[in-house]
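In: Fold the following and give me the result.
(chains A and B)
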Number of protein chains: 2
Amino acid sequence: MSQIDWHDETPVPGLPPTLEWVGGLDGHLRLIDQTLLPSELKLLDCHCAEDVWRAIRTLQVRGAPAIGVAAAYGVCLATRQARNADPDSFLRLLKTSAEHFLTARPTAVNLAWAVRRVCAAAERALARGSSAAWEAMLSEAHRVAQEDRRVCQQIGEAGADLVPEGGGVLTHCNAGALATAGSGTALSVLYAAKKRGRRFHVYVDETRPLLQGARLTAFELHAAGIPVTVICDSAAASLMRAGKIAMVIVGADRIAANGDTANKIGTYSLAVAAACHRIPFYVAAPLSSFDLMLKDGDAIPIEYRPGQELACSCGRQVVPAQVECLNPAFDVTPAALITGIICERGLAKPVTEQNIKQICSPAPCTGLDAS
Amino acid sequence: MSQIDWHDETPVPGLPPTLEWVGGLDGHLRLIDQTLLPSELKLLDCHCAEDVWRAIRTLQVRGAPAIGVAAAYGVCLATRQARNADPDSFLRLLKTSAEHFLTARPTAVNLAWAVRRVCAAAERALARGSSAAWEAMLSEAHRVAQEDRRVCQQIGEAGADLVPEGGGVLTHCNAGALATAGSGTALSVLYAAKKRGRRFHVYVDETRPLLQGARLTAFELHAAGIPVTVICDSAAASLMRAGKIAMVIVGADRIAANGDTANKIGTYSLAVAAACHRIPFYVAAPLSSFDLMLKDGDAIPIEYRPGQELACSCGRQVVPAQVECLNPAFDVTPAALITGIICERGLAKPVTEQNIKQICSPAPCTGLDAS
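Out: Numbers count the residues shown, from 1 in each chain, chains lettered A, B, ... in the order given. Reported below is the predicted structural model:
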């Protein structure tokens, strides 16, 4: 399967693919280094697995669907050297590499989902030898990327009419093209609404500590011609009180069976405020972000990142030395605060275990059932 | 009246006065340049009114009570040159200078209150000539500062027993020694609780965009030996959900007659989350922060600061050029979300117009009724 032709229909003119496989069997993964945006648009070429692992860990590539795609390619890079080894050796390396990638970031379930898919593809083909297994893996990684692109479009279509004409829309962090191999999740909904002629103004939380809202979402939306204003995370509730917000829409890193949703730290705070002001609060995510093995949000592992991300702001030490910083990267929003979850199959609303079970049936491709 | 002897009983060992008048009639205002903390503890000597005005505007000195004291001294500096002029000329300069200081920052009512006090003192003494009027002004400015110090201690005493033994306390921005001429408002309560042997852990929001929580509150509390952890503003609600917070306490910039309270942007968001989690939410403020002329919070003027404070983080442009940033410095928390207001006369609880009227009677010194 060939690499993604991302350029057509992109909602963000001038933006290269967030990540893409460049070349054939001897190719590599190229991605936008998102830590440098918006001041610098630089592509990072990852020729080995460690490059990809580090890019995920340091958020050079981020966003649940995008790190799934990146990890899928990362496992391909990790095992390419064993293409000519015997199947047992290949399999051993495959398992070690897959496990290593699972340690890069714990919360987004898409990473594990994508890694499982490429592993399953390799195992199915292993009877035909290591080389065939590896090629099957790479094909599966391409498929993961290509499906993500299609799924993003479907999410956009499914949610577009929820965007209120003339209203203010609040979003948090970045759930856009930069978070996926396609047009995004939450932002895909906004891109689709714009395409349908809907007019609205987006307020985006800057999203401390790493400012994905200020740096990435503002960049994307502005480039796409959607009016956008950046606010401090802490200003969102008072904007709601002032009647400026008609809808909140965010992405997700993992959704439990009952609809409890892990997403960027601060999402829960928005959901509480939205409920208090009776503002609809939507989550937009692909089925690959659902983890039906987990009963509820309490079981979702939350990544704690170094306190230094708070203590040192753009190179300046802003917290006194010896003072501790607590830096959870995600929080969990209980299903009861979520108006609806938009996925590629439509809208789960209200967010109940039953509705989630229904929208997830049949189960999305896991690699175990693929041809 | 002599300058404040701040050093004894300070809860923050090693910290020089947040602001103090240095010298006699030919003296000047010295203050800690808070924009440089915590990395640099530098004193700024303000020899003319413009120095003080700029220090207030740029937040080199901040915190409602502290900017009141600073502005009182600022008006003294502005009019010192007219000491030998005729009373009419002196009065004209006084009025112009006072009006100019009112433009420095609009939300904290303490600024106008302190400026009114020194103006009234001058007007009362003006019959004895410009020089006597000016000296009366300086004495009144000293009195404003000295009273602030006493009031801070009284607020601490009034609130100390509200601090839950063994609990987590959340605060926002800086309502400490650095925000007053004394030991603070919200933090004075914590200092007094510590003195009574109460043990507790403070979580402080970093407080975007200018990071007063990360830079100033963490600095103060750590120096005072109170365990403190810095979090992102957006993490507060999820900490509440996790049961880590037993009390929220913040300062105030202006309190309307019905108890609606303007304070640093993000306070409203915390109050909403605290109510949702049934966590007591206290405001600590001197009577000089009450503005009974305003019926409710809708009438409180909210300062909007340059978007560049968000767009440029510690020298790095983090928001794309051409994207607007909305930067309200304050928000209003409705009285219904406030468990109680702690002031130098005790606790107004519940926060009703009646209780506020009662605690404000007789009216605190306005300068109009002083000897």
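In: so what's the backbone phi/psi at A:E135?
Out: Note on A:E135: its backbone torsions stand at phi -60, psi -40 [degrees, to the nearest 10].
In: Pick out the residue of the stretch 51-200 of chain A closest to chain B.
Out: A:H172 (8.1 Å; Cβ to the nearest Cβ). C-betas here are computed from N, CA, C, even on glycine.
In: residues touching that residue, list them.
Out: A:204-205, A:207, A:213, A:233, A:236, A:248, A:250, A:263-264, A:266-267, A:270 (Cβ atoms under 8 Å, 6 or more residues apart in numbering or on different chains).
In: Narrow those to those in helices?
Out: A:A236, A:T267, A:L270 (DSSP state H).
In: re the thing from before, PyMOL command for the buried members of the contacts of A:H172?
Out: Buried residues among these (16 or more other Cβ atoms under 10 Å in any protein chain shown), as a PyMOL selection:
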select buried, chain A and resi 204+205+207+213+233+236+248+250+263+264+266+267+270
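In: Run through the contacts of A:H172 and flag the ones next to chain B.
Out: By Cβ under 8 Å from any Cβ of the partner chain, the members of the contacts of A:H172 lying near chain B are A:D205, A:T207, A:D233, A:A236, A:G266.
In: isn't the first one right next to A:A236, touching?
Out: Just to be clear, that refers to A:D205. Yes - A:D205 lies in contact with A:A236 (Cβ atoms under 8 Å); the separation is 5.8 Å.
In: So is the lowest-mean-pLDDT helix or strand in chain A next to chain B?
Out: Taking mean pLDDT, DSSP states H and E as the measure, chain A has strand A:312-313 as its least confident helix or strand, at a mean of 86. Yes - Strand A:312-313 is in contact with chain B by Cβ under 8 Å from any Cβ, via A:S313.
In: Mind checking what helix or strand follows that strand in sequence?
Out: Counting by DSSP states H and E, the element after strand A:312-313 in chain order, helix or strand, is strand A:316-317.
In: so where's chain A uncertain?
Out: In the predicted model, chain A carries pLDDT under 70 at residues A:1-9, A:365-371.
In: can you name the farthest residue from the center of it?
Out: Most distant from the centre of chain A: A:D86, at 35.4 Å, with distances by Cα atoms, centre = their mean.
In: how many neighbours does the closest residue to that residue other than its chain neighbours have?
Out: Distances taken as Cβ to Cβ, 6 or more residues apart in numbering or on different chains place A:S130 nearest to A:D86, at 6.8 Å, with adjacent residues excluded. For A:S130, the count of nearby residues is 23 (other Cβ atoms under 10 Å in any protein chain shown).
In: what sits against A:S130?
Out: Listed by Cβ under 8 Å, 6+ apart, the contact set of A:S130 reads A:A82, A:R83, A:N84, A:A85, A:D86, A:P87, A:S89, A:F90.
In: wait, doesn't the second one sit right on A:M137?
Out: This points to A:R83. No - judged on Cβ under 8 Å, A:R83 makes no contact with A:M137 at a distance of 10.0 Å.
In: Of these two, which one has the most company?
Out: Using other Cβ under 10 Å, the more surrounded residue of A:R83 and A:M137 is A:M137, with 27 against 16.
In: in which helix or strand would I find the more buried one?
Out: A:M137 belongs to helix A:130-159, assigned by DSSP H and E.
In: Show me what counts as buried in that helix.
Out: Neighbour-count burial for helix A:130-159 [16+ other Cβ under 10 Å]: A:130-138, A:140-149, A:151-159.
In: for stretch A:88-99, same thing?
Out: Those would be A:F90, A:L91, A:L93, A:L94, A:S97, A:A98, for stretch A:88-99 by 16+ other Cβ under 10 Å.
In: Fine by me, we can end here.
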